[in-house]
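*Asks:* This is a predicted model, with the sequence first.
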Amino acid sequence: MDEEYDNVPVRDELREGNVRIPSGCAVFGCLSRSGRRMSASGAVDAMTYMHDRSNGLGGGFAGYGIYPDFPDCYAFHVFYDNEHAREETESFLKARFDISGMERIPTRKVYGIRGAPLVWRYFGVLRPEIAAHTPLDEEEYVCRSVIHINTKIKGAYVFSSGKNMGVFKGVGYPEDVGEYYRLGDYSGYCWTAHGRYPTNTPGWWGGAHPFNILNYTVVHNGEISSYDANRRFIEMYGYKCTLQTDTEVITYIIDYLHRRRGLTLPDVAKVIAPPFWSQIERMETSERERYTLLRNMYASLLVTGPFSIILGYSGGMMALNDRLKLRGMVAAEKNDVTYVASEECAVRAVCPEPDRIWYPAGGEPVIVELTEGNGK
Amino acid sequence: MNETYIMPDYEIVRNAERCVRCMACVRLCANGAHIFDEKRGVLTADDSKCVNCHYCVANCPTKAIKIVRSDHCFKPSANYTEDVIKDIYRQADTGGVLLSSMGTTKSYPVYWDKMLVNASQVTNPPIDPLREPMEIRTFLGKKPETVKYRADGRLEAETHPNLMLKTPIMFSAMSYGSISKNAHIALARAAEELGTFYNTGEGGLHEDLYQYGANTIVQVASGRFGVHPAYLNAGAAIEIKMGQGAKPGIGGHLPGSKIGEDVSRTRMIPKGTDAISPAPHHDIYSIEDLRQLVFGLKEATDYKKPVIVKIAAVHNIAAIASGIARSGADIIAIDGFRGGTGAAPTRIRDNVGIPIELALAAVDTRLRDEGIRGRVGLVAGGSVRSSADVVKAIALGADAVYIATPALLAMGCHLCRSCHGGKCNWGIATQSPELVARLDPDVARERLVNLVTAWSREIMEMMGGMGINSIEALRGNRLMLRGIGLTQKELDVLGIRHAGE
């Protein structure tokens, strides 16, 4: 961490959620379409090359396919400020889930990582009697349980809650965070990564990225100017933007459109970064009708301002730029692996000679998924 | 009117050196304020007839005339001011209710002027509207909530009729009768050229204007003047006028002097009678009655046209709007109490209702709290004076705005606030044929188009500064606003933070 922030305590009122903190960033993602499990060290290396895009106030990784021993369990990763929060959270979880594994997430001491909370993980399935009686579907129930812990249990924060996937994040440079969590020990078919450059005070661990809900993770670089329009719309549908970050609201938008409204990801991308009206007018009738409907229907979910995001989900990854491409993002392919990153150097760091490298146009999503038959 | 105790408000000052005694002023003034005294051979004036409309000033070939405020005065008092005293004299003279035109002149707070707009610096870039696309197209109406995929991959959603606006500015309701046919033609042609809408007001639609139907909103008010099936189907949308910001709680008011042959035929009322619409709609005494009228109108137009419900901004506006959003209406138009009028009782205009800024913020917040903001479009009117006001209205939560006073000004109105007299020298708020002929509809159209085009450009400039290139991303984006010099309570109602926060 930079010296200027040494010994600067994180004041509660300046934590994410109490204040809106815009930030610049570095993002990286890679996915093996054949489902080959890749070590996290590639993603960590890539982030090292984009060191200057972060300022030591937040870094994190999300891996998919990393818990093959517990493929059907929700893997909850939780930050605790104290033991009391842990006891309270565990009794909450145990009342609702059959927990088949729990442990402190293994970490190693790293220079540059400080202020770490207690970090635990739990593997569990929803208790059948609860699943039978709740009026909600299972995912919605899990989602609301997570929101309950995060808003009602003081000192506890669930930062990862999907199946066979996990988020690892903290305050520090991303490569140090990777070292701290011993990420070299994990391998998965997809990794996304984030280095943060918040324009504010020392960050809080929960405020680092990736941001997660169920299987969705979002890493994001940019500062969106549509934030409050998006937030005020999405909060009509039961979400609560407690962190006040762009990434949080983008994640909820994707969750709402993809999981709850059933839109395909290409259509989700066209809601978030739609074609201009002048482009829509030139389309053939069926396309024109489609994009006019989507733009009109979900007008308030259009995101403006610079952003490049990488969405991770079970079995796939989507990268998307704002419509004007106000943030850099490059994509590349080599054999069965697709890479996306803020800068080309990050890709070249792990894949010196890709088969293909390109700069996706603003608003044009890059979507890669496991090919048929490859296990998640 | 016998204004026994009242000295004129204005004095007509004529520069004798410049005056060439062409008598244009004498011929032009409909109020007869300029007089040529043939006996004495002197060009003089009756100040008591001057309404300060500047028509003579603008048309004097030698620029010899100016109008000044009379320095004749009462003994000063902060309590019994000149206006208060004169109003008492007028009522003692006539025993009547005082009438006024245009918006209130009282110095109530203008919240538009107490809000500041954001701009991007460093962490995200401003967008240059001269070099990048900047979108202000707006759809007004109910949005579908759910969408399904058909087997062929196409999308299927329950769609509702929407209005498509190329700019989020519409011309607000002004009836034929209160304003002239030429003014209506100018508004209709301007709306057509701009890709937006004008509004008939409650006076029906002159047969010559049916050709502009695609850019017309037809109004149904409590008097039902000029309402018939062809009229309802002529427009692009139907507006039910429940109230007007300048005179909440009472109906429209058109003096018989303005009701000649054409107006009488269009309104379907006898010539020369006062057209006073009832305060309520007599088929709407509650919200469920409104629902019936909404669906009655939809039935009459085959569910092809969005229905707007226009309400005056009053104390309980949020709850009222929430009820309307559940009544089947597609769009709610809120009219703030500083809005204009062709004629209203002065005391009502100056004392009843609340400002549009607070009403709009309260309604948008309430509709979102109840999760029904998507069910209706929201239009704000009642003293939207500039493009900055438009930007602030949209950031507070409006989809679009209604403007009327700025449109009148663009056509030549000098805000002399004498519309109820029917002698508008500018040919706008009059039915007198020789006065109406002074307003060239195509000149007025061009000036209207210029005004709205200029505002649209300014809106794009401000959006670009905020780093926003689509108006959707500004709508309800209250973080883009900061209050200046407001109390915490005012900030809370507006849902914004104070500058510096």
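*Replies:* Thanks, I have it.
*Asks:* all contacts plus neighbour counts: C-alpha atoms, from now on.
*Replies:* Will do.
*Asks:* Could you tell me which residues make contact with the residue positioned nearest the centre of chain B?
*Replies:* Nearest residue to the geometric centre of chain B (C-alpha atoms, centre = their mean): residue B:404, 3.0 Å. By C-alpha atoms under 8 Å, 6 or more residues apart in numbering or on different chains, the contact list for residue B:404 reads B:171, B:172, B:173, B:174, B:340.
*Asks:* Give the burial count for the second one, as a bare number.
*Replies:* Right, the one you point to is residue B:172. 24 (other C-alpha atoms under 10 Å in any protein chain shown).
*Asks:* Against chain A, how distant is it?
*Replies:* 24 Å (C-alpha to the nearest C-alpha, to the nearest Å).
*Asks:* Looking at that residue now. What's its pLDDT?
*Replies:* As summarised for this prediction, residue B:172 has a pLDDT of 97.
*Asks:* who's in contact with it?
*Replies:* B:198, B:199, B:201, B:381, B:402, B:403, B:404.
*Asks:* Would you check how far apart the second one and chain A are?
*Replies:* Distance from residue B:199 to chain A, counting by C-alpha to the nearest C-alpha: 24 Å.
*Asks:* what's the pLDDT at that residue?
*Replies:* You'll see residue B:199 listed with a pLDDT of 97.
*Asks:* show me what contacts the residue in the stretch 351-500 of chain B that chain A sits nearest to?
*Replies:* Among the residues of the stretch 351-500 of chain B, residue B:477 lies nearest to chain A; the distance is 4.2 Å by C-alpha to the nearest C-alpha. Residue B:477 sits next to A:226, A:227, A:228, A:229, A:230, A:232, B:394, B:395, B:396, B:397 when contact means C-alpha under 8 Å, 6+ apart.
*Asks:* and the contacts of residue B:404, which are buried?
*Replies:* By neighbour count, with 16 or more other C-alpha atoms under 10 Å in any protein chain shown, the contacts of residue B:404 hold B:171, B:172, B:173, B:174, B:340 as buried.
*Asks:* residue contacts, the residue nearest to the fourth one when sequence neighbours are not counted?
*Replies:* Distance criterion C-alpha to C-alpha, 6 or more residues apart in numbering or on different chains; nearest residue to residue B:174, sequence neighbours excluded, is residue B:201 at 4.6 Å. When contacts are counted by C-alpha under 8 Å, 6+ apart, residue B:201 is found next to B:172, B:173, B:174, B:175, B:176, B:218, B:219, B:220.
*Asks:* Let's see which of those residues end up in strands.
*Replies:* Among the contacts of residue B:201, the residues falling in strands (DSSP state E) are B:218, B:219, B:220.
*Asks:* what are the bridge partners for the residue lying closest to the last one once chain neighbours are set aside, then?
*Replies:* Nearest-residue entry for residue B:220: residue B:240, 4.9 Å, with adjacent residues in sequence omitted and distances by C-alpha to C-alpha, 6+ apart. The residues listed as beta-bridge partners of residue B:240 by DSSP bridges are residue B:220, residue B:309.
*Asks:* if I look at residue B:240, how far off is chain A?
*Replies:* According to C-alpha to the nearest C-alpha, residue B:240 stands 24 Å off from chain A.
*Asks:* What pLDDT is listed against the residue of the stretch 1-150 of chain B found nearest chain A?
*Replies:* Nearest to chain A in the stretch 1-150 of chain B, going by C-alpha to the nearest C-alpha, is residue B:143, at a distance of 5.3 Å. Here, the pLDDT recorded for residue B:143 equals 93.
*Asks:* Name the nearest of the contacts of residue B:404 relative to chain A.
*Replies:* Nearest to chain A among those, counting by C-alpha to the nearest C-alpha, is residue B:171 at 22.6 Å.
*Asks:* Does the closest one touch residue B:402 like I think?
*Replies:* Yes. Residue B:171 lies in contact with residue B:402 (C-alpha atoms under 8 Å); the separation is 5.4 Å.
*Asks:* Spell out which residues sit in contact with whichever residue of the stretch 201-350 of chain B sits closest to chain A, please.
*Replies:* Relative to chain A, the nearest point of the stretch 201-350 of chain B is residue B:330 (14.0 Å; C-alpha to the nearest C-alpha). Going by C-alpha under 8 Å, 6+ apart, residue B:330 touches B:141, B:142, B:306, B:307, B:308, B:375, B:376, B:377.
*Asks:* And residue B:466, by the same measure?
*Replies:* By C-alpha under 8 Å, 6+ apart, the residues touching residue B:466 are A:225, B:118, B:119, B:120, B:126, B:127, B:480.
*Asks:* could you redo the last one with a cut-off of 10 Å?
*Replies:* Counting by C-alpha atoms under 10 Å, 6 or more residues apart in numbering or on different chains, residue B:466 makes contact with A:225-226, A:304-305, B:117-121, B:124-127, B:460, B:474, B:480.
*Asks:* Out of those residues, grab the one that's most surrounded.
*Replies:* Counting neighbours by other C-alpha under 10 Å, residue B:474 leads the contacts of residue B:466 with 33 neighbours.
*Asks:* I'd assumed residue A:227 was in contact with it.
*Replies:* Yes. In this structure, residue B:474 is within contact of residue A:227 by C-alpha atoms under 10 Å, at 9.3 Å.
*Asks:* residues shared between the contacts of these two?
*Replies:* Shared contacts of residue B:474 and residue A:227 (C-alpha under 10 Å, 6+ apart): A:304, B:480.
*Asks:* where does residue B:357 fall, helix, sheet strand or coil?
*Replies:* Secondary structure state of residue B:357, per DSSP: H, G, I helix; E, B strand; the rest coil, is helix.
*Asks:* C-terminal to the helix or strand of chain B with the lowest mean pLDDT, what's the next element?
*Replies:* Lowest by mean pLDDT, DSSP states H and E among the helices and strands of chain B is strand B:253-254, with a mean of 83. Downstream of strand B:253-254, the next assigned helix or strand under DSSP states H and E is helix B:261-267.
*Asks:* Run through the neighbouring helices and strands of the helix or strand immediately after that following helix in the chain.
*Replies:* As assigned by DSSP H and E, the chain's next helix or strand after helix B:261-267 is strand B:275-276. Applying 3 or more C-alpha pairs under 10 Å, 6 or more residues apart in numbering or on different chains; DSSP states H and E, we find strand B:275-276 packed against strand B:253-254.
*Asks:* Residue A:46 is in contact with residue A:191, isn't it?
*Replies:* No. Taking contacts as C-alpha under 10 Å, residue A:46 lies outside contact range of residue A:191: 11.2 Å.
*Asks:* And those two? Which one has more around it.
*Replies:* More crowded of residue A:46 and residue A:191, by other C-alpha under 10 Å: residue A:191, with 31 against 26.
*Asks:* Stretch A:53-62 close to chain B?
*Replies:* No. Against chain B, stretch A:53-62 shows no contacts by C-alpha under 10 Å from any C-alpha of the partner chain, the least distance being 12.8 Å.
*Asks:* Run the chain-centre distance for that stretch.
*Replies:* In terms of C-alpha atoms, centre = their mean, to the nearest Å, the centre of stretch A:53-62 is found 12 Å from the chain centre.
*Asks:* What's the local residue count around residue A:278?
*Replies:* For residue A:278, using other C-alpha under 10 Å, the count is 10.
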